[in-house]
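Trainee: structure for the following, please:
(one chain, ligands or ions: 1)
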Amino acid sequence: MVLINGKTVSAEIRNRLMQETAELKNKTGRMPGLATVLVGEDPASAVYVRNKNKICGEVGFQSFGQNLPAETSEAQLLNLIKQLNENEEVNGILVQLPLPDHIDEEKVLLSIDPEKDVDGFHPINVGKLAIGNALLTPCTPTGIIALLDYYEIEIAGKHAVVLGRSNIVGKPVAHLLLQRHATVTICHSKTKNLKEVTRQADILIAAVGRPHFVGSEMVKEGAVVIDVGINRVEGKLIGDVEFDPVAEKAAFITPVPGGVGPMTIALLMENTLKAFKTTL
Ligand code: NDP
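Mentor: Got it, this is the predicted structure:
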């Protein structure tokens, strides 16, 4: 069994981005810029945003942190996004979700310039992903593909089973796997005979959001198991996969934490650099 190390892979990506950013800065005098928008004081969201701004600094990007009070109106937020859309120093805009209830999330995501949509959630980019020609694709799913590639795990022709159909993980990772010529099955809460389906997986992606949901009886001998789940149980981070018994059967497996998690921010930086390069 090979333990997939997301910390190492994400650190290598960040190093590569740092070098490329320094070279581009020398050549053009410009640097990529990422604007993070946080509305309210949700502690988990605040930590995510702080980390994103910190990594921005590490790879040599400019970061524009916009921390707004919880009572910010939808109109005020839309106005801020309009300004960020127009600001040439900002190449990526990330609105940290969830937003407070009085703000329409869909309206806000739609207002982001698709060329600055580094989360890849704008319907234009979702559509492009479905067609197969998106530049900016969602960070966690793209990070999963980067992990498979790093470990030279073949995707083409393999049966990939995706557990979960969210717009953030399940659906986009299924599209990316399809684009890479996997045969893809998407499962969800209404799937019948789930175990029989997941046992067919050469590559099993677990994005269910339920601690230890995937037991060894759901996994084929020699499968590649990617655990996207981040569940907080009694202060500990627990994945969607029951690690020890599944690791005995799997050929490759990601731990939680230290697997998919660290990839998300690295791919956010990669998207910001991609968006920046289109402006050169
Ligand atoms: P959602 O809650 O949006 O989606 C969960 C999916 O799992 C749904 O499609 C749901 O089906 C399906 N599901 C739930 N229960 C079952 C069941 N009993 N049998 C089969 N399918 C089931 O979660 P997300 O996709 O946003 O996130 C999934 C996990 O990944 C979470 O733990 C989250 O914290 C983590 N995550 C980690 C990230 C990272 O950076 N590592 C980034 C994003 C998320 P249905 O659609 O029918 O309801």
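
Trainee: all helices for the chain, in order.
Mentor: 6-28, 43-59, 74-86, 105-111, 123-131, 139-150, 170-179, 194-198, 243-249, 261-277 (DSSP state H).

Trainee: as a markdown table, these with distance to the ligand and mean neighbour count would be great.
Mentor: Yep, even glycine has a C-beta here, placed from its N, CA and C like the rest. Formatted as a markdown table, the helices of the chain follow (distance: least, CB to the nearest ligand atom, whole Å; neighbours: other CB atoms under 10 Å):
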| stretch | distance to the ligand | mean neighbour count |
| --- | --- | --- |
| helix 6-28 | 9 | 15 |
| helix 43-59 | 9 | 16 |
| helix 74-86 | 22 | 15 |
| helix 105-111 | 13 | 15 |
| helix 123-131 | 15 | 16 |
| helix 139-150 | 4 | 22 |
| helix 170-179 | 5 | 22 |
| helix 194-198 | 6 | 16 |
| helix 243-249 | 14 | 16 |
| helix 261-277 | 4 | 23 |
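
Trainee: dump those into TSV; add distance to residue 217 and mean pLDDT as well.
Mentor: TSV is the format used below for those (distance: least, CB to CB, whole Å; pLDDT from 0 to 100):
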stretch	distance to residue 217	mean pLDDT
helix 6-28	26	98
helix 43-59	32	95
helix 74-86	47	98
helix 105-111	37	97
helix 123-131	33	98
helix 139-150	23	98
helix 170-179	22	98
helix 194-198	6	98
helix 243-249	9	98
helix 261-277	26	98
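
Trainee: quick one: closest of the ones you listed to residue 232.
Mentor: For residue 232, the closest of these is helix 43-59, at 8.8 Å, according to CB to CB.

Trainee: where's residue 9 relative to residue 254, distance?
Mentor: 10 Å (CB to CB, to the nearest Å).

Trainee: which neighbours do those two share?
Mentor: Taking CB atoms under 8 Å, 6 or more residues apart in numbering as the criterion, residue 9 and residue 254 both touch residue 147.

Trainee: the helices of the chain: which one's closest to residue 160?
Mentor: When those are compared by CB to CB, helix 170-179 sits nearest residue 160, at 4.5 Å.

Trainee: what sits against residue 46?
Mentor: Residues near residue 46 by CB under 8 Å, 6+ apart: residue 38.
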